[in-house]
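need the 3D shape of this:
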Amino acid sequence: MEGRLIAVGDFFQLPPVKCRKTDKLYVDDPSNPLNYLWNDFFTIVELDEVMRQREDGLFAQLLNRLRIKDKYSPLESSDLKMLKQCIGSGTDEALHIYATNNEINIHNNDMVIKLSSEPKLIEAQDFEKNKATGKLRKKTAHFFTN
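Presented below is the predicted three-dimensional model:
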């Protein structure tokens, strides 16, 4: 009996957030036979019609150039100008996107400090299970200290 499998994905999608910028999640190694699995076992179909930005062709073209651009090559000046026009002034409550956990932690700590000038000590009611008896016992933990 022949099985059928449909795999859907984007080979250009952003990698997961890493702890350090130097961490590599995937290394393109042509000598690794696993790199050829897609070509050997799947027929790749590329969707080439832009739907979401179809009303703004220039912006769609810019996004595609960003999608395939080598990270070490500079942006075209016209692309950079268009992207800068998209920057709006946001509030502290606006969504912030960062590449590393460290940048996220710095931002989150800054926001907590803005909420209150006095550090708060919150005593948690946290429990852990004793592996031998299976019983829960209360432990004390501090969520935030400054």
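
what ranges do the strands span in the chain?
With strands called from DSSP state E, the chain shows them at 126-129, 136-139.

then the last one to CSV, C-alphas only?
The C-alpha coordinates for strand 136-139 follow below in CSV (Å, rounded to 0.1, in the frame of the first residue of the first chain):
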residue,chain,number,x,y,z
LEU,A,136,3.3,17.7,47.7
ARG,A,137,5.2,20.1,49.9
LYS,A,138,5.1,23.9,49.9
LYS,A,139,8.2,25.8,48.9
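
list of residues touching it?
The contact list for strand 136-139 (Cβ atoms under 8 Å, 6 or more residues apart in numbering) reads 125, 126, 127, 128, 129, 130. For the C-beta atoms, the positions are set from N, CA and C on the backbone; glycine is no exception.

mind doing that once more with 10 Å?
By Cβ atoms under 10 Å, 6 or more residues apart in numbering, the residues outside strand 136-139 that reach it are 124, 125, 126, 127, 128, 129, 130.

export the residues you listed to JSON lines and append columns for neighbour count and distance to residue 51.
Below are those laid out as JSON lines (neighbours: other Cβ atoms under 10 Å; distance: Cβ to Cβ, whole Å):
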{"residue": "124", "neighbour count": "11", "distance to residue 51": "47"}
{"residue": "125", "neighbour count": "8", "distance to residue 51": "49"}
{"residue": "126", "neighbour count": "10", "distance to residue 51": "47"}
{"residue": "127", "neighbour count": "10", "distance to residue 51": "50"}
{"residue": "128", "neighbour count": "10", "distance to residue 51": "50"}
{"residue": "129", "neighbour count": "10", "distance to residue 51": "50"}
{"residue": "130", "neighbour count": "9", "distance to residue 51": "56"}
